Structures are given as C-alpha cells and as structure tokens.
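1. Just to be clear, the model below is a prediction. Sequence and coordinates:
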Amino acid sequence: MSDSDHDSVDAHIDAPSAASPQAMGITFANISPPTVGGDFDDASPLKRKRLDIDDNDPDSERPHRLFIPDEPSSSASALDKGKGRADLAEANPSLTRPYARKVRDRDFYLSDGNVVLLVFDTYFKVHQSRLAQDGSIFSTMFSLPQTEQSEVDGTSESRPIHFIDKPKRFASLLWALYALPAELRSISESPENVSKLIDIAKAAQRYAFKSTEAWALNCLVDIVKSGFRISKRGINPWHIFALASLCNCDELRKAMITKIKDSAAAGKVAYPWVVLIADALGIQELQGEAYYKLVIRGHEGWTELEESVVRRLYIGFCKLVTFKDQLFADPMPIILHECTGPGPCRARWAVQWKESQAPDPTQPAIPSVDIVGQLKACAANLRRNRVYPGPCHDAWLATIEAKAKELEDGIRLYQFFIS
C-alpha cells in the first residue's frame with residue numbers, strides 16, 4: 001500500500017464523530033493543527049500534517065509486519081472478470097481498499113490465539129479471554145449467540161472480525177493487555193512513551209477497556225506533571241488536549257495547561273506559539289495569559305504575528321489602559337473586617353492606596369499596562385509600610401491581593417482581548 005493510501009485511510013479513521021465529547025471548553029470543529037513560528041522550526045511536530053507519527057522513531061508510522069497473499073474472495077473473482085473499481089466495491093463493499101495487501105502483525109499474530117481480527121489491512125490473532133476482560137465491547141460481542149453457519153466470524157483469516165482502526169494503535173492496546181507488570185511500570189515512568197500511551201488510551205476508550213484507559217490517562221498525567229518537556233522534538237500538545245477531550249479527563253487538561261504556562265514563563269517556548277495553540281483549541285485560560293504577556297512586553301514583535309492576533313492585542317491594550325485608569329483612580333471597596341471606626345478606616349485606606357502606588361526605585365520599572373504587576377507592587381509597598389497596624393491594614397492588603405489574583409486568571413484576562 002502506498003503512503004498516500006495510508007494517509008487517506010488514516011484521515012478517514014481519525015474523522016471526528018458527532019458523538020465525540022467536547023468537554024471542558026475545547027472546540028475542535030473545523031480546526032487543523034496550527035503552524036508554528038518562534039522557537040519551533042519546520043521540524044516541529046506542529047507543522048506535520050500527520051498527527052500520530054513519533055518524530056523520535058522513524059518506524060513508528062507503520063509496525064514491522066509480515067506480508068501474506070490475499071485470501072480468495074468474491075471480490076477477487078470480480079477483478080478476474082475485468083470489472084472496474086466501482087464493480088469491485090459493489091461486489092464487496094466492506095473493503096475500504098480493494099487492492100490493499102493484507103498482512104499479519106509481527107507481534108500479535110499468536111500461534112495459540114483463538115480469534116482472528118482484521119484491523120484495516122492487518123491480521124491479529126489473539127485470545128478471546130484477553131479481549132473480553134474489563135467489560136470491553138468484545139465481552140458483549142463474544143457472548144452473542146452463534147448462528148448455525150459452518151464458519152463463524154473470527155475463526156480464520158477467510159472469516160475475520162473486521163475493525164476500521166489504525167493497526168499501530170490497536171497493536172498498542174494489545175501490548176497493554178498482554179504486558180507484564182514490570183513492562184507496565186517501565187512505560188509509565190518514561191516521557192519517551194507519551195505517544196504510545198496516547199494510542200493505548202484512545203484505543204481503550206474506543207473499545208471500552210475502562211481500567212486500561214484510566215491507567216493510561218493516569219500515566220500521562222504523571223508524566224506531564226514531572227518529566228514531560230515541551231520542545232521541538234516533543235509531542236504535539238494538540239494530541240494531549242484532544243485526548244483529554246475525548247476521554248473527558250479534566251486532570252490531564254489542567255496538567256497540560258500548567259505545563260505550557262510554566263514552560264512559557266521559563267522561556268522554553270515562545271508566547272506567540274502559545275497563542276497559536278490556545279487559539280486553535282479555544283482554551284481561554286491560555287489565550288488570556290499569552291495575549292496579556294505579549295501586550296506588556298511591547299509591540300516590537302507584533303509585526304511577525306497574524307493579523308487577527310495583532311487586532312486582538314490592540315483591543316486588549318486599549319481596554320487594559322482604560323481599566324487601569326479606572327481601577328487606580330479611586331480606592332477599591334475594602335474587604336469586610338472587624339473595624340471600630342468605618343469612617344476613619346476608609347479615609348486612611350484612601351491615603352494608603354495612593355501612597356502604595358508610588359514606584360519603588362529599587363525595583364525594575366513595571367510596564368504601564370501590567371495591571372497585575374502594579375497591584376502586586378502596591379501590595380508589597382503596603383506590606384513594608386505598616387503605618388496603621390491591625391485588622392484594617394490587613395484588610396487593605398487582602399483587598400489588593402484579591403484583585404491581583406482575580407486578574408491573574410487567564411479566563412478573566414481573556415475578556416480584555418475580545419471585542
């Protein structure tokens with residue numbers, strides 16, 4: 001089979017289902033993986049049209065398998081009679097590619113297996129007991145009453161059980177079902193196995209292996225929180241977010257958002273790249289933070305961004321300036337606290353609020369639109385200068401810190417950048 005055939009089939013297999021969960025605010029409709037600039041070059045997996053290729057493994061697209069000749073069928077006889085492709089498809093509509101050469105999987109065509117599966121163009125021969133565990137769809141399939149026909153599906157290559165899926169992904173699921181405890185521990189501890197764990201989780205979700213799906217998702221969460229590194233040769237975050245949505249795993253989504261935020265703050269990835277990822281997936285928490293960082297860093301690099309991104313940045317800049325003028329003009333309402341004199345407390349707070357805004361000459365200058373940074377500086381000044389110690393001073397400080405925390409939220413920041 002040619003590479004173009006595989007690409008078209010994989011595209012059909014990966015087409016989103018109308019029943020796919022669109023949980024946690026992620027929208028995938030009409031979205032293609034974004035192209036990338038900044039710290040990511042042409043070798044970045046984000047610029048690849050194929051989403052399931054591990055850049056570190058040149059053989060990962062298709063497993064090593066043994067070719068075997070096709071079994072005789074009614075379709076073959078139709079071909080021998082010189083009929084065209086349309087007639088051949090009509091003779092056997094179950095064939096996605098009438099001319100595909102079928103192969104046996106090298107690792108999971110077991111001599112003592114008792115059920116034969118045909119996953120696209122690859123035969124698997126495994127044990128029913130393995131497939132029927134964990135309440136999977138196979139347990140229901142194998143429990144159905146058999147007909148009185150001479151040969152039932154799954155007993156031979158001439159009558160396999162057909163599945164439309166990626167053979168590589170299905171083989172990953174079988175590996176998880178057959179793996180020894182030491183092998184499972186090994187894969188769960190290495191960031192290099194993220195791609196395989198994604199395949200296992202996707203296949204487990206598809207065939208309802210609930211505990212296997214939960215195990216793979218937990219492994220991914222642990223890897224993302226610890227050793228997972230976003231880099232040019234790393235896994236495309238698109239895959240992680242898509243899996244989190246597919247499996248409705250909010251913990252994995254949150255872990256990936258935190259990882260991207262930390263990587264951007266540490267300078268490991270560029271904020272324009274974060275904007276592309278966040279815009280493509282509609283993750284407002286990332287959008288708000290990335291746009292805000294680009295605004296407070298100045299407009300020097302805006303010319304290299306897309307027009308729609310620059311438009312949002314200008315909108316955000318104007319809104320932030322207006323909001324800042326209103327916020328710092330008058331004292332904010334004080335958090336409720338025990339106070340013997342509300343009148344004097346408000347008067348003193350007005351004075352302290354103005355004095356806390358004075359810039360600290362010992363600290364670097366804060367960008368004019370960095371409202372969060374300026375609020376934190378006000379809190380630091382007020383903390384140093386306890387002119388009126390007691391519950392009132394603590395309430396003033398808590399008021400400033402609460403407002404800074406509110407504005408640090410990415411979803412709240414995102415509101416500044418929408419018209």
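-> Nice, thanks for sending it over.
2. ok so Arg104 is a helix residue?
-> No. The assignment for Arg104 is strand, going by DSSP: H, G, I helix; E, B strand; the rest coil, so no helix is present there.
3. okay, it: pLDDT?
-> At Arg104, the pLDDT value in this model is 93.
4. roughly how far apart are it and Ile161?
-> Separation of Arg104 from Ile161 (Cβ to Cβ, to the nearest Å) stands at 15 Å. Any C-beta I mention is one placed from the backbone N, CA and C, and that applies to glycine too.
5. ditto for Ala377
-> In terms of Cβ to Cβ, Ala377 sits 66 Å off from Ile161.
6. Was I right to think Glu406 contacts Arg412?
-> Yes. Assessed by Cβ atoms under 8 Å, Glu406 is found in contact with Arg412 at 6.1 Å.
7. Could I get the contacting residues of Ser186?
-> With contact set as Cβ atoms under 8 Å, 6 or more residues apart in numbering, Ser186 has no partners.
8. tell me which element it is part of?
-> If you go by DSSP states H and E, Ser186 is part of helix 181-188.
9. tell me the secondary structure for the nearest residue to Cys392 once chain neighbours are set aside?
-> The shortest distance from Cys392 to any non-neighbouring residue, by Cβ to Cβ, 6 or more residues apart in numbering, is to Cys345 (4.8 Å). Following three-state DSSP, Cys345 is assigned to helix.
10. how close does Cys345 sit to Gln352?
-> The gap separating Cys345 from Gln352 is 10 Å, by Cβ to Cβ.
11. Between those two, which is the more surrounded one?
-> Using other Cβ atoms under 10 Å as the criterion, Cys345 and Gln352 rank with Gln352 on top: 23 against 20.
12. dump the residue contacts of that one.
-> Here Gln352 is in contact with Leu382, Val387, Tyr388, His393, Trp396 (criterion: Cβ under 8 Å, 6+ apart).
13. So which of those residues belong to helices?
-> Using DSSP state H, the subset of the contacts of Gln352 located in helices is Leu382, His393, Trp396.
14. Isn't the last one up against Met332?
-> No. The criterion here is Cβ under 8 Å, and Trp396 misses it with Met332 at 9.2 Å.
15. Spit out the residues that contact those two alike.
-> Trp353.
16. more crowded one of the two?
-> Just comparing Trp396 and Met332: by other Cβ under 10 Å the higher neighbour count belongs to Trp396, 25 against 15.
17. Please report the distance of the nearest residue to Asn385 once chain neighbours are set aside from Arg101.
-> Of all residues not flanking Asn385 in the chain, Glu355 sits nearest, at 7.3 Å (Cβ to Cβ, 6+ apart). Using Cβ to Cβ, Glu355 is found at 80 Å from Arg101.
18. List the residues that contact Leu313.
-> Listed by Cβ under 8 Å, 6+ apart, the contact set of Leu313 reads Tyr291, Leu294, Val295, His299, Trp302, Leu305, Phe417.
19. which SS class is the first one?
-> It refers to Tyr291. helix.
20. tally of neighbours for it?
-> Tyr291: 27 neighbours (other Cβ under 10 Å).
21. if I read this right, it contacts Phe417, doesn't it?
-> Yes. Between Tyr291 and Phe417 a contact is recorded at 4.6 Å, counting by Cβ under 8 Å.
22. who touches both of these two?
-> With Cβ under 8 Å, 6+ apart as the test, Tyr291 and Phe417 both reach Arg312, Leu313, Gly316.
23. Name the nearest residue to the first one, sequence neighbours excluded.
-> Counting by Cβ to Cβ, 6+ apart, Arg312 lies nearest to Phe417, which is 4.6 Å off, once chain neighbours are set aside.
24. In contact with that neighbour, which residues?
-> Contacts for Phe417 (Cβ under 8 Å, 6+ apart) come out as Gln287, Gly288, Tyr291, Tyr292, Arg312, Leu313, Ile315, Gly316, Lys319.
25. mind putting those residues in CSV, distance to Phe241 and secondary structure included?
-> Converted to CSV, these look like this (distance: Cβ to Cβ, whole Å; DSSP: H, G, I helix; E, B strand; the rest coil):
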residue, distance to Phe241, secondary structure
Gln287, 13, helix
Gly288, 16, helix
Tyr291, 18, helix
Tyr292, 21, helix
Arg312, 21, helix
Leu313, 23, helix
Ile315, 25, helix
Gly316, 23, helix
Lys319, 27, helix
